[in-house]
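Visitor: Sharing a sequence plus its predicted fold:
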Amino acid sequence: MIDEPRPGSNLDAEPLANENLKFLENIEVELSVEVGRTEITIRELLRLNEGSIVELDRLAGDPLDILANGTKIARGEIVMIGERYGVRFGDIVDPVKRVESVS
């Protein structure tokens, strides 16, 4: 489910700068949300089991990275939509730069 942008958002305020974007608009990309990262040794990796906890590089409540095909396009926060998780977009990369970074 994708909510349409509110009036006054980036897409309403300025038309797409590049007509070539029209060609790309219907291409699907994988959208993912990254909670955080850390580095561990192979030994630590092999010792992980059910119930293990790994500390990440972010504080609780910090904005999460939103990625399209592995490239950061925005930051946001987790929300609940019924019984499912969703993500509310916050800081967003310019539309043209988003397409350039994932194509």
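Guide: Here it is on my side, so go on. Numbering: from 1, shown residues only.
Visitor: Let me see the ranges of the helices in the chain.
Guide: Along the chain, the stretches classed as helices by DSSP state H are 10-13, 20-24, 42-47, 95-102.
Visitor: Out of those helices, which gets the lowest mean score?
Guide: For the helices of the chain, the weakest mean pLDDT is recorded on helix 10-13, namely a mean of 48.
Visitor: Show the low-confidence segments of this protein, by residue range.
Guide: Counting by pLDDT under 70, the ranges of the chain that qualify are 1-18, 20, 97-103.
Visitor: In space, not sequence, find me the middle residue of it.
Guide: The centre of the chain sits closest to residue 66, judged by CA atoms, centre = their mean, with a distance of 1.1 Å.
Visitor: can you tell me which residues contact that one?
Guide: For residue 66, the contact set (CB atoms under 8 Å, 6 or more residues apart in numbering) comprises 31-34, 72-76, 87, 89. In this view, the C-beta of every residue, glycine as well, is placed from N, C-alpha and C.
Visitor: Spatially nearest residue to it, not counting backbone neighbours?
Guide: Excluding its sequence neighbours, the residue lying closest to residue 66 (CB to CB, 6 or more residues apart in numbering) is residue 74, at 4.2 Å.
Visitor: Please name the residues that touch that neighbour.
Guide: 65-66, 89-93.
Visitor: same thing but at 6 Å, please
Guide: For residue 74, the contact set (CB atoms under 6 Å, 6 or more residues apart in numbering) comprises 66, 89, 92.
Visitor: if I look at the nearest residue to the last one once chain neighbours are set aside, how far off is residue 83?
Guide: The reference is to residue 92. Spatial nearest neighbour of residue 92, chain neighbours left out: residue 74 (4.4 Å); criterion: CB to CB, 6+ apart. Distance from residue 74 to residue 83, counting by CB to CB, to the nearest Å: 24 Å.
Visitor: No more questions from me, cheers.
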